[in-house]
Structures are given as C-alpha cells and as structure tokens.
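[1] Provide a 3D model corresponding to the input given below.
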Amino acid sequence: MKNKIIIVLIIGILIRLILASITLHPDIIMFHLSGQIVGSGNLMNIYDYIGRLPASDPLTRIFPPDLYIYPPAVYVFFGYVSNTLSSIIPASIHNSLTYNLHEVLGNWQLNILLLLFKAAYLPFDIGIAFLLTKFFTDRKNKFIAFMLWMFNPVVIYATYMMAQFDIIPTFFTILALYLVSFRKNLSDLKKLYLGAFVLGIGASFKIFPLLFVIPLALLGKSLKTRIITVAIGFVTYFITLVPFLSSPGFRTSALVAGQTLKSFYAQIPISGGESILLYPTFLIFFYLILYFRNGELNTLWHRFFIVLTIFFIFTHYHPQWFLWITPFLILDIVKTNLKHWLPAALAVLSFTALLFFFEPSLTIGMFSPISPNLYDTVSIWKILGLNPNINFSRSIFQTMFVGVAVYYIYYYFPNKSRN
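    Just a heads-up that it's a prediction; the model follows:
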C-alpha cells in the first residue's frame, strides 16, 4: 500500500501544481498585496495601511480602505510564507499583478508566481490527507480515504484554483479531531486541552473551528474540565487578536466581519423588530442534546459533522467554505463502506452546479493566465445563449444540498443507543 500512496501523492501534487500555475481568481490580488505589505514590515498597521495612504497613491484608487477583513493570522501567513516563496519573481511581475493585471496575463513569470504563492498551502493539504488515514485501521480504507482527498475536486478547486486559505483552518480542525479521538483513556486531559488549543489556532484564520469547542468540551467528565477546555479554545483565539485591537481598521472591518454574520441571515420574524435566528437556534438545541447525551470519542467526528451541516443549511456559503465539510464527507463515505456515495455525490453536484450561477471568474474566467481574453469573459450561460433564472436555479441546488444535509443529521444524530 505504501507504493500506492506514494504514487497517488505524486500525481495529486502534480495536478495541484499544474492547476495552481494556470488559474487565477481575482481574490489572489488582495492576498498577494497583503503579503507584500506585511513582508515590507507593515504587519501591525495592515488594516489601516490603505486608508492612511495619501489620496495620490495609486492603491487608494484601486482598493477600498477596508480591504482587509480577515483575522491577523491570515496576513501573517501571506506575508511571511506565501510572499517569501514568491519573492524570487521580479518585482515588475508583482507590481503588475497588483496594479495592472491585464499587462501580465499570458506572461510565464506570472504562472510561476501563482505556483509559488499557492504552494504554501501544500503542507496543510497533504497533512489532512495523512491525518484522514489515521481514522481507519484497515489498509484498504486508509488508501481510499487518502485517494479521495488527493483527487478531491473541492480541495483542488478551492485551494489551488481560487487560492483561498480555508485549507488552513480545516487542517487544524482535523488535527484537533485526531488528537482527541485517539486519546488512550478519558482521564488524559492533556490531549483534550491540546485539541481545544488547536481549534483556537484554526479559528485565528477563520472563526468556524470555535463551533467545535463545546462538543469537544462536553467529552470532559467534570464541569471544571469542560470550562477549562472552552476557555483554552476561546482564549487562544482572542490572544491572536489582542495586538490589533488598537487598530481602527481592524475593529471596524475585521473584528466582526460581515461574512461572519451570514449565518444569522436566515430568520423567522415574530414581530416588527424581533426575529428568531435559525442557525443559532438549532445550534443551541444540538449543544443541549450533546450535554444531556454525553458523547464518546468515536462519535466526536459525528458531532463536528452535524454542527457544520446545520451551518450550511442556514447559510448562503461561499464556494471555498465547502472545503470545511469535505473531510467529514470522506470519513462518512469510507466508514460506511461507500454506502453513502449517493448523498456525497449529490452534495458535490450541488457545489459544482452553484459555481456556474456566480460570476465567470469562478469558472472559465479562472484560466485567464493561459488565455487572457477569458478574464473579462461573459458567463457561460450567455456563451450558450441561455437565460436561466439565476436565483431560482441557486435555490434548486441549495435545496438539493439541504436535503442531503438533513439526511446526514438524521443518520448521525446522537441517540441513547449510540452513547
């Protein structure tokens, strides 16, 4: 099996590097610029950098002052890892990517820059692949899980084509799950606390790993253990923010980013000014179920999975967010001996179809580095001469996913026979 894994690993990495070099999503311009700003020694004022530039500076005409909406750890990563890897590329190429992308499209040096910048994700990506194998004892299942990750279109698309960093908090989520799930005994509190710490680190990139801290803490047998576990997760996250609290830009645009609040949009009005927020409602309900039906180590991933499926049911999610749930779909497929291939396939079909109802930069426009005319191309629907109802079509495929998610919740919902 070792040779098979090596072959899959090599082919998987080659696919990633090739697609990383020939695809571009406009978000990478902002990520790349943040790396340049931080790399030049402006980490602590990254959130206020553009807003404090003189009006004559070209950057103020291209980017808004509140450009940076992610936690500080994201920009530390881009500044000291991605930017360092791509620093061998001439400054003129870097400047063109920031100020005049059309000028550099089709230039082979841009392809190398894209490759190097995105290559920084590889350790987290490959790390997840190997971590997933640890959840199985059978060699065949280990290989299937590894292969499903290495050839997973969601992983490759979100990470190496869109260049989104969601692979990093996803890695820390799976690492925490691994550390805690393979405790030798329930009295081993070190790994429980370490798992909470790792989730806090993951949340320093995107906040969703904090959703898992309470299910993790409920594995503790005493109130003290549970409180300490929750505190470790949340305090770890907040410590990464403290140095930036004095920044006006951070407080207004990143401390409570608009994307973080998307899960609150789904609601039921009960008066002129009051509504029931659906995601928090069902999340609290699920937490209470876990509190009264205390979980076991081997069902922890079920609880993480359900927390995410509830989130996706009530949230208009960005394409890269689907990466968060992908490791759990793989665990489910392999642990059920491929019985759940159909719901997993429907989930991926929903994800893929939804991409074509967003702007072309998420599909055919991504290949502009090798075909510059594609950067400003029209949607695939106009090319095909079709005029679908965009909102209704999105609703159809979102509904498809919700049906799948509800099934998974039903299948893995904790009950007395499992606990």
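
[2] avg pLDDT for the strand or helix carrying Thr352?
    Here Thr352, judged by DSSP states H and E, is contained in helix 341-355. The average pLDDT within helix 341-355 is 94.

[3] Can you name the secondary structure element that comes next after it?
    Next along from helix 341-355, by DSSP H and E: helix 380-383.

[4] Excluding its own residues, what touches that following helix? List them.
    For helix 380-383, contacts defined as CB atoms under 8 Å, 6 or more residues apart in numbering pick out Phe356, Pro360, Thr363, Ile364, Thr377, Asn387, Pro388. C-betas here are computed from N, CA, C, even on glycine.

[5] can you tell me which of those lies nearest to Phe124?
    Thr363 (25.0 Å; CB to CB).

[6] what's the pLDDT at that closest one?
    93.

[7] same check, this time on Ser86
    On the pLDDT scale, Ser86 is placed at 95.

[8] That one and Phe117 touch, don't they?
    Yes. Ser86 is in contact with Phe117 according to CB atoms under 8 Å; the separation is 4.6 Å.

[9] Can you pull the poorly scored residue ranges out of the stretch 151-300 of the chain?
    Along the stretch 151-300 of the chain, segments meeting pLDDT under 70 span 184-187, 257-260, 295-296.

[10] How many neighbouring residues does Tyr49 have?
    Tyr49: 23 surrounding residues under other CB atoms under 10 Å.

[11] Is it correct that it is in contact with Ile37?
    Yes. Using CB under 8 Å, Tyr49 is in contact with Ile37, at 5.5 Å.

[12] Could I get the full set of strands for this structure?
    Under the criterion DSSP state E, the chain contains strands at 267-269, 275-277.

[13] winner for burial among those strands?
    strand 275-277 (a mean of 13; mean count of other CB atoms under 10 Å).

[14] ok, now which ones touch the residue sitting nearest the centre point of the chain?
    Centroid-nearest residue in the chain, with CA atoms, centre = their mean: Asp166, separated by 2.6 Å. By CB under 8 Å, 6+ apart, Asp166 lies in contact with Ala158, Thr159, Lys206, Gln320, Trp321, Leu323, Trp324.

[15] The last one - how many residues pack around it?
    Summarising burial for Trp324: neighbours were counted as other CB under 10 Å, giving 24.

[16] roughly how far apart are it and Phe208?
    Trp324 sits at a distance of 6 Å from Phe208 (criterion: CB to CB, to the nearest Å).

[17] next one: the fifth one
    Here the criterion is CB to CB. By it, Trp321 lies 8 Å from Phe208.

[18] Name the nearest residue to Lys262, ignoring sequence neighbours.
    For Lys262, ignoring the flanking residues on the chain, the nearest one in space by CB to CB, 6 or more residues apart in numbering is Thr315 at 5.4 Å.

[19] Extract the C-alpha trace of stretch 356-372 and format it as CSV.
    Taking Å, rounded to 0.1, in the frame of the first residue of the first chain, the C-alpha atoms of stretch 356-372 are listed here in CSV:
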residue,chain,number,x,y,z
PHE,A,356,-21.9,28.4,-12.6
PHE,A,357,-24.5,30.7,-11.2
PHE,A,358,-21.9,33.1,-9.8
GLU,A,359,-19.6,35.4,-11.8
PRO,A,360,-17.4,33.9,-14.6
SER,A,361,-14.3,34.5,-12.5
LEU,A,362,-15.2,31.3,-10.6
THR,A,363,-15.3,29.1,-13.7
ILE,A,364,-14.0,29.8,-17.2
GLY,A,365,-12.5,33.1,-16.2
MET,A,366,-10.1,31.4,-13.9
PHE,A,367,-8.0,30.2,-16.9
SER,A,368,-7.0,33.8,-17.9
PRO,A,369,-3.3,33.2,-17.1
ILE,A,370,-3.1,31.0,-20.2
SER,A,371,-5.9,32.7,-22.2
PRO,A,372,-6.0,36.4,-21.2
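
[20] and the residue lying farthest from the centre of the chain, what pLDDT?
    Residue farthest from the centre of the chain, counting by CA atoms, centre = their mean, is Ser56 at 36.1 Å. Per-residue pLDDT puts Ser56 at 89.

[21] give the contact list for it.
    Contacts for Ser56 (CB under 8 Å, 6+ apart) come out as none.

[22] can you check Pro269 too?
    Applying CB under 8 Å, 6+ apart, we find Pro269 in contact with Ser275.

[23] What mean pLDDT does stretch 117-131 get?
    What stretch 117-131 shows for mean pLDDT is 98.

[24] Now find how far off-centre that stretch is within its chain.
    Between the centre of stretch 117-131 and the centre of its chain there are 13 Å (CA atoms, centre = their mean, to the nearest Å).
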